[in-house]
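# I'd like to go over a predicted model; first the sequence, then the structure.
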Amino acid sequence: MPEARPRRLGIVVSSTRAAEGRREDLTGPRIAEWGREHGFVVSGPHIAADGPPVETVLRRLVAEGCALIVTTGGTGFTDDDHTPEVTARLIDRPAPGVAEAIRARGLRSTPHAALSRGVAGIVGRTLVVNLAGSTGAVRDGLEVLTGIVDHALEQLGHPPVRHGAGDYN
């Protein structure tokens, strides 16, 4: 039986201010650390202005064979928050329970979690999950993903591999 290939995690930071160098991103590195701890080869964090630039990065990461893509930011109510819409355009099959579980976990920390419009779904064999852009939202979202990601990715044909993980870009 052939050895399973390491699973790839793509990280997209949706932040116009961070893309312009006006704000430091603190969420992408947290997701990268989580990914390495869970045996992923990590691509990113890729910082992009919200909207079409995020879509471009998402499409590239899917084409590169990422098993999981986690976005952070761009899920709120401001005029330039478009990550859920961009993600929804790519999704073949929605996974609303994932987004609901993330919001439910966040509500234990803050009522503002209800304001996240993040979505989750499957693009080909890739699971894409939107997280809000705060460090607390990322912490809560990763807590949820820790409990479900192995089973979800196994169903998509990506068995866990616990050795040989690292980074690629």
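Structure's in. What do you need? Numbers count the residues shown, from 1 in each chain.

# excluding its backbone neighbours, what's nearest residue 12?
The shortest distance from residue 12 to any residue other than its chain neighbours is 4.4 Å, reached at residue 71 (CB to CB, 6 or more residues apart in numbering). C-betas here are computed from N, CA, C, even on glycine.

# Can you classify that neighbour as helix, strand or coil?
Of the three states, residue 71 takes strand according to DSSP: H, G, I helix; E, B strand; the rest coil.

# beta partners for it?
On DSSP bridges, the residues paired with residue 71 through beta bridges are residue 12, residue 130.

# Just to check, it is in contact with residue 14?
Yes - with contact defined as CB atoms under 8 Å, residue 71 counts as touching residue 14 (5.6 Å).

# Among the two, which residue is more densely surrounded?
The residue with more neighbours, out of residue 71 and residue 14, is residue 71; 36 against 33, by other CB atoms under 10 Å.

# Residue 157 contacts residue 124, doesn't it?
No - using CB under 8 Å, residue 157 makes no contact with residue 124, being 10.2 Å away.

# report the longest helix in this protein, please.
Ranked by residue count under DSSP state H, the longest helix found in the chain is helix 135-155.

# Tell me the helices and strands packed up against it.
Where contact means 3 or more CB pairs under 8 Å, 6 or more residues apart in numbering; DSSP states H and E, helix 135-155 is packed against helix 27-37, strand 68-72, helix 96-107, strand 126-131.

# Residue 133 contacts residue 14, correct?
Yes - the pair formed by residue 133 and residue 14 meets the contact definition of CB under 8 Å, at 7.2 Å.
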